[in-house]
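>>> Please work out how this folds:
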Amino acid sequence: MPHESSARFRAATIADVALVRDIVHAAYSKWIPVIGREPSPMKADYDEALQKHQFTLLYLDTEIAGLIETILENDHLWIENVCVVPAQQGKGLGKILLHHAEQAARQAGHNETRLLTNAAFEANIALYQRLGYVITEQEPYMGGTTVYMRKHLALDL
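Prediction:
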């Protein structure tokens, strides 16, 4: 498993739109047979999203490994998207990306991160719960169920 100290982060720019789109499509394509359609992140407009949201790219050495898309809200940090390229999945990189977002939330003075996922993505829900996220709400969405989760963060003093 890669160690967090070997990970390198870089803020994405509008010039990275094709890279972001490629990472998202590669990471989420495995879920198409599970839910019978493209997951919503595969249909997002990344030209627009890169202008409105914070995207952080994760590299291992010089190789792109994943990304996290966040939105700073008034009272929490919203995690819009977290994904790892297929060849790097299962190595703890999702945890590293989430930890990075939690640090950004704390730096902004927030003590909470929130996200949503599809109930069919059971491995993701299990990961989030192991990392301290709790389910706050569930609602029907496009023939499935959306699961809303949040994590309370201790603010570093």
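
>>> Where does the closest residue to residue 54 other than its chain neighbours sit, in terms of helix or strand?
Closest residue to residue 54 apart from its sequence neighbours, by Cβ to Cβ, 6 or more residues apart in numbering: residue 70 at 4.9 Å. For the C-beta atoms, the positions are set from N, CA and C on the backbone; glycine is no exception. Assessed by DSSP states H and E, residue 70 sits inside strand 63-72.

>>> Tell me how far the residue nearest to residue 54 lies from residue 35.
In this view, residue 70 and residue 35 are 24 Å apart by Cβ to Cβ, to the nearest Å.

>>> who has more neighbours, the two?
Between residue 70 and residue 35, counted using other Cβ atoms under 10 Å, the more crowded position is residue 70 (23 against 17).

>>> Which residues does the more buried one form beta bridges with?
Note on residue 70: beta-bridge partners by DSSP bridges are residue 54, residue 79.

>>> Was I right to think it contacts residue 107?
No. At 11.7 Å, residue 70 and residue 107 do not qualify as touching, with contact defined as Cβ atoms under 8 Å.

>>> Pull the distance from the top helix by length along the chain to the chain's centre.
Longest helix in the chain, counting residues (DSSP state H): helix 93-107. Distance of helix 93-107 from the chain centroid (Cα atoms, centre = their mean, to the nearest Å) equals 9 Å.

>>> okay, the angle between that helix and strand 63-72?
Put simply, helix 93-107 runs at 40 degrees to strand 63-72, going by axes from the mean of the first three to the mean of the last three Cα atoms, to 10 degrees.

>>> Helix 93-107 packs against which elements?
Packing partners of helix 93-107 (3 or more Cβ pairs under 8 Å, 6 or more residues apart in numbering; DSSP states H and E): strand 7-11, strand 54-60, strand 63-72, strand 77-84, strand 112-118, helix 122-130.

>>> If you count neighbours, what's buried in the longest one?
Spelled out, that is strand 63-72. Buried residues in strand 63-72, counting neighbours by 16 or more other Cβ atoms under 10 Å, are found at 64-70.
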